[in-house]
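# Sequence and predicted structure, then a few things I'm wondering about:
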Amino acid sequence: MKRIWRLLLYVRPYAVYSLASVLLMATVGAMAALRILLVKPIFDQVLSPDAPYADVLKFHVPYFDRDFSLRFLVPSHFHNSWDIVAYALVMSAIIKSVCDYAGTYMINYAGFGMITDLRNDLYNAVLRRSVGFFQKHTTGTLLSTLINDIERVQTAMSSVLGEFLQQTFTLIFMAVAVISLGGKMAWILLLFIPVVISSARRIGRQVRRTTRKGQDKLAEIQNILHETITGNGIVKAFGMELWEMNRFRRAATRLFRANLKSVSVQAISSPLMDAIGSIAIALLLFIGRRQIIAHHMKTGDFIAFLFATFSLYDPVRKFAMFYNSFQQALGASEDIFKFMDAQDDVREKKRAHKLEDFRGSIVFEGVGFAYESEGEIKQVLRGIDLNVPRGEVLALVGPSGAGKSSLVNLIPRFFDVNEGRIVIDGHDLRDVTIESLRRQIGKVTQEVVLFNDTVRNNIAYGQPDVPLSKVEEAAQMALAHDFILRMPNGYDTVIGEKGVRLSGGERQRLAIARAILKNAPILILDEATSALDTESEAFVQAALANLMQGRTVFVIAHRLSTVRNATRIAVMEQGSITEIGTHDELLELSGTYRRLHDLQFRTDAAEGDEDSVEGAA
Ligand SMILES: Nc1ncnc2c1ncn2[C@@H]1O[C@H](COP(=O)(O)OP(=O)(O)OP(=O)(O)O)[C@@H](O)[C@H]1O
């Protein structure tokens, strides 16, 4: 129920359009009913020329105590019944068509408008979720919700809503016509209402469940597609095409089954309503015949009544369909609102203040951190105490899985500490706005993230108005300018998804140029472990040196040169800092660092390559 209200809240900005379409659709319903009422004078007056002249559709309006007849709505030069009925038929058709068109347009305007707002809100919510959220939910599932689930809601809210309104008013006016024409006989139809409602509800509930299942299976397919298309190189390298194809086939079969199940539930609606309708009509024929024989009813009255009942039948049948569609939308909206309401692990305080330009230090005070996945808590950092003053280059070294990435990810608050605190210029990270904190931090990671856009826009990511001269300056410092100029359109060259048209070293240098342009005082650097050729390596190293100048740097170091040049080196083992000091101090200590260093030195000597092997990390 709450979900329905939430969906309807989105219609609020389009209230005027919705209201106008309600009025227009009401007119459509009234015109449809009028046309049914005209059946009686057609039989009793138009097709019976011998019948004495009488007003067409004459009835008494009790409150005003006046008689009303169709003649009042028809120009005065139309006198006889035939003219009046023909005029009314044509005019009602024109009014009905115009109102139908305008009403459908307006309700669709409201429907599509609300869906656009809902999709924007969902995207905004998803984009702002913390890093943990994206680790919990797969890309395929998120894409599927943003595209398929929204699509389902859209179908229900725009196209169906339009017809729903029209049918509702047709139903209301037809019901009035049925009652006025059939009198007591009309009440027999009431007997069928509980049967119709209870069966529609039962089917609707199942439709909602089966739809949700179908949508989940679709998300599964989207996940496989995303993984295998983005990871196509690996699929090929391991010759896994056939295996992946089979995995996809199995998922497609599951979707096929889920869809069939959903259809098999939905398809019951129409025949069921047909059966109920036929029983009702048969019963009415039986009673009507006796009424006519007993002269309690005229044939014209009965035929008009039957027409009206038949017209009732269409909206009732469609209602079951709308109900199903609405249930589908509710099923689909489950995930939409789930993602919108997901509680972030990293939240900004209501009264968080803006962090001014970084000038003092970053201090870790007894910091502990744990990942939570599938209900299990895994403590990966313990008792970290660190004081990094402005301008220091702190190298983090240690075996894989020691917690180096986890530690640096705490600085921009990708995750929050679960013990102790991190203080920047005297403020707990959790007391400052996330935006002002992240503005102070630049990041260059092993895995370079580039967008399918021009070189210029990739470097100026997040700063669209920055002049080209500044972009070029940053590229020059990142030693990227020359290779950019050699590209077909220079800075306007589109680099392909994830920068596939660039070499590894070039990608790295673009990322470095981006960080230089951002010019943040704090820098987080995760050195690439993948071996670049010696020349590329030298370029990247020089670019990094330019980037690091004058900044406070946390570097997950894999290269001996970086480690040696760092102000201090922290050795991490199993989530703790076990040694910290300068290169010389740590060598003297004869601990883990010395061991790693000696190992590295021996490897380097054996390979004849002093600087680029990563055993030290
Ligand atoms: N999202 C996550 N959920 C659960 N555990 C995680 C997650 N990310 C990392 N871990 C675990 O946390 C521990 C520390 O990982 P982390 O990536 O910080 O290590 P690292 O020292 O940077 O390793 P490497 O040098 O290999 O990148 C590892 O045991 C890892 O398995």
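Sure, I can see it.
# Name the residue of the stretch 51-200 of the chain with the shortest distance to the ligand.
Gln135 (4.6 Å; Cβ to the nearest ligand atom). The way it works is simple: take the backbone N, C-alpha and C, and place the C-beta from them, glycine included.
# Which strands and helices lie in contact with the helix or strand hosting that residue?
Remark: Gln135 resides in helix 131-136, with elements defined by DSSP states H and E. Under the contact definition 3 or more Cβ pairs under 8 Å, 6 or more residues apart in numbering; DSSP states H and E, helix 131-136 sits against strand 361-373.
# after the strand it packs on, next one along is what?
Moving toward the C-terminus from strand 361-373, the next element (DSSP H and E) is strand 376-389.
# Kindly format the C-alpha coordinates of that next one as PDB.
Backbone C-alpha positions of strand 376-389 (Å, rounded to 0.1, in the frame of the first residue of the first chain) are rendered in PDB as follows:
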ATOM      1  CA  GLU A 376      30.000 -11.900   8.200                       C
ATOM      2  CA  ILE A 377      32.300  -9.300   9.700                       C
ATOM      3  CA  LYS A 378      35.900  -9.400   8.700                       C
ATOM      4  CA  GLN A 379      38.200  -7.200  10.700                       C
ATOM      5  CA  VAL A 380      41.000  -6.200   8.300                       C
ATOM      6  CA  LEU A 381      42.600  -3.200  10.100                       C
ATOM      7  CA  ARG A 382      43.500  -3.000  13.800                       C
ATOM      8  CA  GLY A 383      45.000  -0.300  16.000                       C
ATOM      9  CA  ILE A 384      46.400   1.900  13.300                       C
ATOM     10  CA  ASP A 385      48.200   5.000  14.700                       C
ATOM     11  CA  LEU A 386      49.700   7.300  12.100                       C
ATOM     12  CA  ASN A 387      50.500  11.000  11.900                       C
ATOM     13  CA  VAL A 388      51.100  12.200   8.400                       C
ATOM     14  CA  PRO A 389      52.000  15.900   8.200                       C
END
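# picking up where we left off before, OK, contacts around the residue of the stretch 51-200 of the chain closest to the ligand?
Going by Cβ atoms under 8 Å, 6 or more residues apart in numbering, Gln135 touches Ser373.
# List the buried residues for the helix holding Gln135?
Gly132, Phe133 (16 or more other Cβ atoms under 10 Å).
# cool, stretch 578-598 as well?
Result for stretch 578-598 [16+ other Cβ under 10 Å]: buried residues Glu579, Ile580, Gly581, His583, Leu586, Thr592, Tyr593, Leu596, His597.
# Pull up the gap between the one residue sitting closest to the centre of the chain and Ala332, please.
Computing the C-alpha centroid of the chain and ranking residues by Cα atoms, centre = their mean puts Leu146 first, at 2.5 Å. Noted for Leu146: a distance of 12 Å to Ala332, by Cβ to Cβ, to the nearest Å.
# was I right about Gly442 contacting Ile512?
No: the pair Gly442 / Ile512 is not scored as a contact, 9.5 Å apart, by Cβ atoms under 8 Å.
# which residues are in contact with both of the two?
Leu547.
# Compare these two and say which is more crowded by neighbours.
Using other Cβ atoms under 10 Å, the more surrounded residue of Gly442 and Ile512 is Ile512, with 29 against 24.
# Report the contact partners of the more buried one.
Counting by Cβ under 8 Å, 6+ apart, Ile512 has contacts Val444, Ala478, Ala480, Val540, Ala543, Leu544, Asn546, Leu547.
# Pull the contacting residues for the third one.
In this structure, Ala480 makes contact with Glu506, Arg509, Leu510, Ile512, Ala513, Ala543, judged by Cβ under 8 Å, 6+ apart.
# Helix, strand, or coil at the fifth one?
On the three-state scheme (DSSP: H, G, I helix; E, B strand; the rest coil), Ala513 is labelled helix.
# what does Ala570 give?
strand.
# what about it, distance to Pro488?
In terms of Cβ to Cβ, Ala570 sits 45 Å off from Pro488.
# So for the two, which residue has more residues nearby?
More crowded of Ala570 and Pro488, by other Cβ under 10 Å: Ala570, with 24 against 8.
# And that one, how close does it get to Arg413?
The value you get for Ala570 to Arg413, if Cβ to Cβ is used, is 20 Å.
# Under a three-state scheme, what state does the residue nearest to the centre of the chain occupy?
Here Leu146 is helix, with the state taken from three-state DSSP.
# okay but it is in contact with Asn124, surely?
No: counting by Cβ under 8 Å, Leu146 does not reach Asn124; the two are 11.1 Å apart.
# Any stretches of this protein with poor pLDDT?
1, 49, 51-68, 72, 159, 498-500, 528-535, 601-617 (pLDDT under 70).
# the longest helix in it is where?
Determined from DSSP state H, the single longest helix within the chain is helix 81-128.
# And that one, what does it pack against?
For helix 81-128, the packing partners by 3+ Cβ pairs under 8 Å, 6+ apart are helix 15-37, helix 150-154, helix 161-182, helix 299-341.
# Show me the domain layout of the chain.
Structural domains assigned to the chain are 2-341, 391-402+438-607, following automatic domain parsing.
# returning to that earlier point: of the buried residues of stretch 578-598, which ones also sit close to the ligand?
Near the ligand, taking Cβ under 6 Å from any ligand atom as the test, no member of those is found.
# list the contacts for Asp121?
So Asp121 contacts Met340 (Cβ under 8 Å, 6+ apart).
# how near is it to Val131?
From Asp121 over to Val131 the distance is 21 Å, taken as Cβ to Cβ.
# try Arg254
Arg254 is 30 Å from Val131, by Cβ to Cβ.
# now the helices for the stretch 151-300 of the chain?
Secondary structure of the stretch 151-300 of the chain by DSSP state H, counting those that start in this stretch: the helices cover 161-182, 193-230, 232-237, 241-266, 269-293, 299-341.
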